[in-house]
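Student: quick one, what's the 3D model for this:
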Amino acid sequence: MEPIIVTDKLRKKFDWWYYQLGLIDLAVHPGEVLGVIGPKHSGKTMLLRLIWGFTRPDYGTVRVLGFRPHLDQIK
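Tutor: Prediction:
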């Protein structure tokens, strides 16, 4: 089955804290559940913002249902 969510070498740099999220390779298939856990300021919310398309990745790609969420928000 084709994955619903795919990230390939995803990376995002935080300018105000000087740390970065990534490189993240992720594939979520239909029927799977994704849990995001970690300590404070570890990038949990940023990962979700990248998947939702609210934030543009600095490097790598995010695909949800075959679309790049930060570019294809209306679809």
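
Student: where does the protein dip in pLDDT?
Tutor: 16-19, 75 (pLDDT under 70).

Student: show me where it has helices.
Tutor: For the chain, the helices defined by DSSP state H occupy 44-52.

Student: surely residue 49 meets residue 55?
Tutor: Yes. With contact defined as CB atoms under 8 Å, residue 49 counts as touching residue 55 (4.3 Å). Just so you know, the C-beta spots here come from the backbone N, C-alpha and C atoms, and that holds for glycine as well.

Student: joint contacts of the two?
Tutor: Contact criterion CB atoms under 8 Å, 6 or more residues apart in numbering; residues shared by residue 49 and residue 55: none found.

Student: how about the strands of this protein, start to end?
Tutor: 5-14, 19-28, 59-64 (DSSP state E).

Student: spatially nearest residue to residue 5, not counting backbone neighbours?
Tutor: In space, and not counting its chain neighbours, residue 5 is closest to residue 28: 4.1 Å by CB to CB, 6 or more residues apart in numbering.

Student: thought that neighbour was touching residue 35?
Tutor: No. Contact criterion CB under 8 Å: residue 28 and residue 35 do not qualify, at 10.7 Å.

Student: ok, the two, which is more surrounded?
Tutor: residue 28 (15 against 4; other CB atoms under 10 Å).

Student: ok, the more buried one to residue 7 distance?
Tutor: 9 Å (CB to CB, to the nearest Å).

Student: the residue nearest to residue 37 when sequence neighbours are not counted - how many residues pack around it?
Tutor: Among residues not flanking residue 37 along the chain, residue 44 sits closest, at 7.2 Å (CB to CB, 6+ apart). Residue 44 is flanked by 14 other residues according to other CB under 10 Å.
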